[in-house]
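*Asks:* here is a sequence together with a model predicted from it:
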Amino acid sequence: MKKILLLSACLCGLFAKTVDFKTVLNEALNNNLELKAKKLNIAKAKADLKKAKGYNWGKLTLGEEISRTNDALYVFGMKLESREANFKDFGFADFLAAMPGLMSGKVSGNQVLADEPKDLNYPGSRTNYKTKLVYEVPLFTGFKLKYAKEMAALQVKANKYKYAHDKNKLAVEVLKAYNGAVAAKYFISALKTAKKTTASFVQMIKDFYHDGMATKIDLLQAQKRDNEVEAMLIQAENKYQLALSYLRFLTDDDSIDNVGDFAIIYPPNLSLKKLIALALKNRNDLKWMKENVLTMQKKVKMDESDYYPMIGAHLEYGFDDNHLKLDTKKDYYLAAVGMNWKLFDATRSANVQKSKIEAMQTNYYYQYMKKGIALDVKQKYLNFKEKEAIIKEKVTNKELAEEILQKYTYMYKQGMINFTILLMKEAEARKARAELIKARYDEALAAAELEEAIGDLLKESK
């Protein structure tokens, strides 16, 4: 059994993976499935741009139509298209049959003209094969294609900025998860220290109790506190495992089993005014919104193009025959240029007006975002300065609490205080350790959020 346990421990150590923040960040940026899905928006925008450019080249279509009918009009038309029509198809057989009577005077000319030629009205069924190659191309679209391409190009840039912003958001989430795991690990360490202290209290009280220097109540209180710390330690270990699980989820790396120290990405040491200016220059979400503003301005131009005529060319070359073959004696061509100009359409001005409103609305959102970013930077800046100042106080408090606990332990051993007071000092020391760990986590998070607010997080974390 011992060999099996030893082997399991060795295997766990072999496949366990301790990571730092840069490692998990790179894994998340490369492996995160949600981020990969968002990146495809760039590919979609590029496809739209390719589609818009493709309209300039028109389209070439190869068509094959096979039909069979005995409809007089269609049969005559098919024969005419395939250059097979003859006088018999016109009904001349009936006309020639009436000629002797017309010449002898037995039949009048009006009677002959009133005859319904059988070959023309009741032709036999015909199968027709129509093979054609058609090329259609726009010559002038009132600048619609021009603005469509410009809008698509702007959306490619916009989606690149949006993706960069999404990467920044993921980086903050990874940092929170990573530092959360680090904090959980430090809580475990702090509680193990507290466990040693409470365990030593239990042993100390047992020794004193046997010597008659402590009461049964003191021993029960020591054991109760020791059990409480043990329960806290179990909770902390569970939280650590949950934090690691979330980190594995973000990075899509199931081998992560441990983390290093806190990751703190300090923002540049600049004034608040300069940080705001930096944010307005760097923020990818603001750049994304600006591209949307430009896109909507182009949309106004595109809708105004509806006032211009549309001109296109149609080129066609093909064959008509009652057999599936390509006979140059039966080929044809067609070249046409067409224009379509809406002289009156009551909906055009409404469409243009709506586009102008939407462009103005998008610009308002852009201006609002600029103000929101300035406010965001200010809030994150003040929060970071607050956390930076608090951590110094928490370090001092933790050191003082540790020293006080040592002195009160000595005082209890000397019989100068009762055990309840010593337990209070142990709780204060434990609280001071926990507050320092949380303060370090809060400082790291505040620094990262300020870096994100000024648009520098990924650049600084490389």
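*Replies:* Received it, and whenever you're ready, just let me know what you need. Numbering: from 1, shown residues only.

*Asks:* CA atoms for contacts and neighbours, from now on please.
*Replies:* Fine.

*Asks:* and the nearest residue to F208 once chain neighbours are set aside, how many neighbours?
*Replies:* The shortest distance from F208 to any non-neighbouring residue, by Cα to Cα, 6 or more residues apart in numbering, is to A214 (5.2 Å). Number of residues near A214 (other Cα atoms under 10 Å) recorded here: 18.

*Asks:* give me the three-state assignment for A214.
*Replies:* Put simply, A214 is coil when judged by DSSP: H, G, I helix; E, B strand; the rest coil.

*Asks:* tell me the contacts of it?
*Replies:* The contact partners of A214, taken as Cα atoms under 8 Å, 6 or more residues apart in numbering, are 205-206, 208.

*Asks:* any chance of a ChimeraX selection covering the buried ones in those?
*Replies:* Per 16 or more other Cα atoms under 10 Å, the buried members of the contacts of A214 correspond to this ChimeraX selection:
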select :205,206,208
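
*Asks:* so which of the contacts of A214 sit within helices?
*Replies:* Of the contacts of A214, the ones assigned to helices by DSSP state H are 205-206, 208.

*Asks:* output the residues you listed in JSON lines, with distance to L445 and pLDDT appended to each entry.
*Replies:* Listed next are the ones in helices among the contacts of A214 as JSON lines, based on distance: Cα to Cα, whole Å; pLDDT from 0 to 100:
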{"residue": "I205", "distance to L445": "42", "pLDDT": "92"}
{"residue": "K206", "distance to L445": "45", "pLDDT": "93"}
{"residue": "F208", "distance to L445": "47", "pLDDT": "90"}
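
*Asks:* K385: which of the residues you listed is nearest?
*Replies:* Using Cα to Cα, I205 comes nearest to K385 of the ones in helices among the contacts of A214, at 45.2 Å.

*Asks:* what distance do you get for the residue nearest to that closest one when sequence neighbours are not counted to L49?
*Replies:* Of all residues beyond its chain neighbours, the one nearest I205 is L219 (5.6 Å), with distances taken as Cα to Cα, 6+ apart. Using Cα to Cα, to the nearest Å, L219 is found at 78 Å from L49.

*Asks:* again with G142
*Replies:* In terms of Cα to Cα, G142 sits 19 Å off from L49.

*Asks:* likewise M339?
*Replies:* 26 Å.

*Asks:* strands of the stretch 51-200 of the chain, start to end?
*Replies:* Assigned by DSSP state E, counting those that start in this stretch, the strands in the stretch 51-200 of the chain fall at 59-69, 126-140.

*Asks:* before we move on, back to that, could you dump the contacts of A214 to a markdown table with distance to I234?
*Replies:* A markdown table is the format used below for these (distance: Cα to Cα, whole Å):
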| residue | distance to I234 |
| --- | --- |
| I205 | 24 |
| K206 | 25 |
| F208 | 29 |
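
*Asks:* on that earlier part again, highest mean neighbour count out of the strands of the stretch 51-200 of the chain?
*Replies:* Among these, strand 126-140 has the highest mean neighbour count (mean count of other Cα atoms under 10 Å), at a mean of 18.

*Asks:* that one pairs with which strands?
*Replies:* strand 59-69 (antiparallel), strand 310-321 (antiparallel) (DSSP bridges).

*Asks:* mean confidence (pLDDT) on the helix or strand just after the longest one, please.
*Replies:* Per DSSP states H and E, the first helix or strand lying C-terminal to strand 310-321 is strand 331-340. Averaging the model's pLDDT scores along strand 331-340 yields 94.

*Asks:* got it, and stretch 83-96?
*Replies:* Mean predicted confidence for stretch 83-96 is 84.

*Asks:* ok, and what's touching it?
*Replies:* With Cα under 8 Å, 6+ apart, stretch 83-96 has contacts from 76, 79, 112, 115, 117-120, 123, 329-330.

*Asks:* brilliant, that's me finished.
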